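Peer 1: A structural model of the following input is requested.
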Amino acid sequence: MSGTLLVVAGEDSGDLHGAELLRELKARRPDLRIVGVGGPRMSPYLDRKLADVKDLAVVGFVEVIKHLPSLNRLFKSLLAAADEEAIAGALLIDYPGFNLRLAKALRKRMPGVGLHQYVCPQVWAWKKGRIPELGRTLDTLYCLFDFEPALFEGFPVDARFVGHPLVEVVKPECDRAAFFARTGLDPAWPVVALLPGSRKGEVASLLPPMAELARRWAHERPTVQWVLPVASTLDPAFVRAHLGPAPVMLLEGLSYASRAHADAALVASGTATLETALLGTPFAILYKLNPLTYQMAKRVVKLPHIGLANVVARREVAPELLQADVNPERLARELTRLLDPAEAPRIRAGLGEVRGHLGEPGAAGRVAEHLLARL
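Peer 2: As a prediction, this is how the structure comes out:
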């Protein structure tokens, strides 16, 4: 049985999860036509690419407003493509603001088409009012965290915990010896990994204080070596421009190895915090938004923790530095503690708790099986 599936991912983490799932779908149903929006990882599995995740990677209330015209054009083109392709179903991957709006439009336009969301929006953090909306609009909601399905009890949506795909995805691209051979770094000296995010706005706000710390430590602690794995959604030249003269090595294709073989990391809040926890590297979580966006977010977020690794562990396993705390002096204090050999075993034990809440390997395969049965 053939058919066409519309797939929409909106950022780097969605591209990562989407690629694994599309690979599993194609392995089971080679005749399945897949059209939609993806990044470099998903692209090989798309029979028709309608846009790239770079066109959607916008964060924050204020920032989204600036990009509304281009987002609206893309929205209309996706609806047109859904009609043209006579889709059998839609798979929406994360990116809740855009994808929930798209789901509602598809439900109205094509009432018989199944609407399936992979990655539950973080309604437990903010916009709890969206729970009924999601519960009534979607047919299936594939949840990555064990506490999410309970939020949708009493609604028609089939909300199911499938486990987190990162459990099997997160593996260093090479071993320690190969990493140091490829980078030319000294294995006897400490390595710090910088992860300022996968979107331009995050990099513009988080990287300058990181770079300033690296520049200062070049004189104060010259043995510390700095690496920055560049997200696939970013141009290395853009990242370099925000680094200035800081002695930081940019790496491509070594996102996991650069953290696995580092002694500590500074990580933008998001999926990267889960990845770093799974790799067992002591790290601090950084979160900095446009001041207006942050003030608006504070009114709706009712959680003791911001970082995903801490949310999943139900306690602080990685320190969180928010807004004004993201400065070279505070980063230096946290990094000094993270690099303390006496602290590392205790920190790593805490990070191990995160793994216990993420389910068994095989999430993408489980979702593919279930989804194909529903198409």
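
Peer 1: tell me the pLDDT at residue 12?
Peer 2: Model confidence at residue 12, given as pLDDT, is 81.

Peer 1: got a list of what it touches?
Peer 2: 39, 53, 57, 198, 199, 231, 232, 233 (Cβ atoms under 8 Å, 6 or more residues apart in numbering). Every C-beta, even on glycine, is put in place using the N, C-alpha and C of the backbone.

Peer 1: measure it to residue 343 for me?
Peer 2: Distance of residue 12 to residue 343, given as Cβ to Cβ, to the nearest Å: 30 Å.

Peer 1: Residue 312 too?
Peer 2: Applying Cβ to Cβ to residue 312 and residue 343 gives a distance of 21 Å.

Peer 1: Which one of those two is surrounded by more residues?
Peer 2: Neighbours were counted for residue 312 and for residue 343 using other Cβ atoms under 10 Å; residue 312 has more, 24 against 14.

Peer 1: Quick check, the more buried one in contact with residue 274.
Peer 2: Yes. Residue 312 sits in contact with residue 274 when judged by Cβ atoms under 8 Å, with a separation of 6.8 Å.

Peer 1: shared neighbours, those two?
Peer 2: The contact lists of residue 312 and residue 274 share 354, 358, where a contact means Cβ under 8 Å, 6+ apart.

Peer 1: What average pLDDT does stretch 305-324 get?
Peer 2: Stretch 305-324 comes out at a mean pLDDT of 89.

Peer 1: Flag every buried residue along that stretch.
Peer 2: Neighbour-count burial for stretch 305-324, counted by 16 or more other Cβ atoms under 10 Å, picks out 305-313, 317-322.

Peer 1: how does this protein divide into domains?
Peer 2: 3-164+359-374, 176-356 (automatic domain parsing).

Peer 1: among these, which is nearest residue 170?
Peer 2: Smallest distance to residue 170 across the domains of the chain (Cβ to Cβ): 4.5 Å, for domain 176-356.

Peer 1: Kindly reformat the domains of the chain as TSV containing distance to residue 170.
Peer 2: Below are the domains of the chain laid out as TSV (distance: least, Cβ to Cβ, whole Å):
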stretch	distance to residue 170
domain 3-164+359-374	10
domain 176-356	5
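
Peer 1: Strands - which of the buried residues of stretch 305-324 land there?
Peer 2: Using DSSP state E, the subset of the buried residues of stretch 305-324 located in strands is 320, 321, 322.

Peer 1: ok, so of those residues, who is nearest residue 328?
Peer 2: Of these, the one sitting nearest to residue 328 (Cβ to Cβ) turns out to be residue 321, at 11.4 Å.

Peer 1: before we move on, the earlier item: most neighbours among the contacts of residue 12, which one is it?
Peer 2: Neighbour-wise, the contacts of residue 12 (other Cβ under 10 Å) top out at residue 53, 28 neighbours.

Peer 1: residue contacts, the closest residue to that residue other than its chain neighbours?
Peer 2: Using Cβ to Cβ, 6 or more residues apart in numbering and skipping the chain neighbours, the partner closest in space to residue 53 is residue 39 (3.9 Å). Residues in contact with residue 39 (Cβ under 8 Å, 6+ apart) are 9, 12, 14, 15, 52, 53, 54, 232, 233.

Peer 1: pLDDT value on the last one, please?
Peer 2: So that's residue 233. Value for residue 233, per-residue pLDDT: 81.

Peer 1: same question, the fourth one
Peer 2: We have a pLDDT of 92 for residue 15.

Peer 1: residues in contact with it?
Peer 2: 9, 38, 39, 40, 41, 42, 53, 232, 233.

Peer 1: Reduced to three states, what does it come out as?
Peer 2: At residue 15 the chain is in helix, as set by DSSP: H, G, I helix; E, B strand; the rest coil.

Peer 1: any idea where the helices of the stretch 51-200 of the chain begin and end?
Peer 2: 61-66, 68-85, 96-109, 130-137, 166-169, 176-183, 200-220 (DSSP state H, counting those that start in this stretch).

Peer 1: Packing partners of the fifth one?
Peer 2: Read that as helix 166-169. helix 271-279 (3 or more Cβ pairs under 8 Å, 6 or more residues apart in numbering; DSSP states H and E).

Peer 1: mind redoing it with 6 Å?
Peer 2: If you count contacts as 3 or more Cβ pairs under 6 Å, 6 or more residues apart in numbering; DSSP states H and E, helix 166-169 packs onto no helix or strand.

Peer 1: if I pick residue 93, what's in contact with it?
Peer 2: Contacts for residue 93 (Cβ atoms under 6 Å, 6 or more residues apart in numbering) come out as 9, 14, 18, 118.

Peer 1: which among these gets closest to residue 335?
Peer 2: residue 14 (29.9 Å).

Peer 1: picking up where we left off before, looking at the contacts of residue 15, spot the one nearest residue 253.
Peer 2: Checking these against residue 253 by Cβ to Cβ gives residue 232 as the nearest, at 9.0 Å.

Peer 1: Got the phi and psi for the residue lying closest to the closest one once chain neighbours are set aside?
Peer 2: The shortest distance from residue 232 to any non-neighbouring residue, by Cβ to Cβ, 6+ apart, is to residue 40 (5.1 Å). Main-chain torsions, residue 40, degrees, to the nearest 10: phi -60, psi -30.

Peer 1: Now do stretch 103-117, average pLDDT.
Peer 2: 96.

Peer 1: Give the buried residues for that stretch.
Peer 2: 103, 106, 107, 110, 113, 114, 115, 116, 117.
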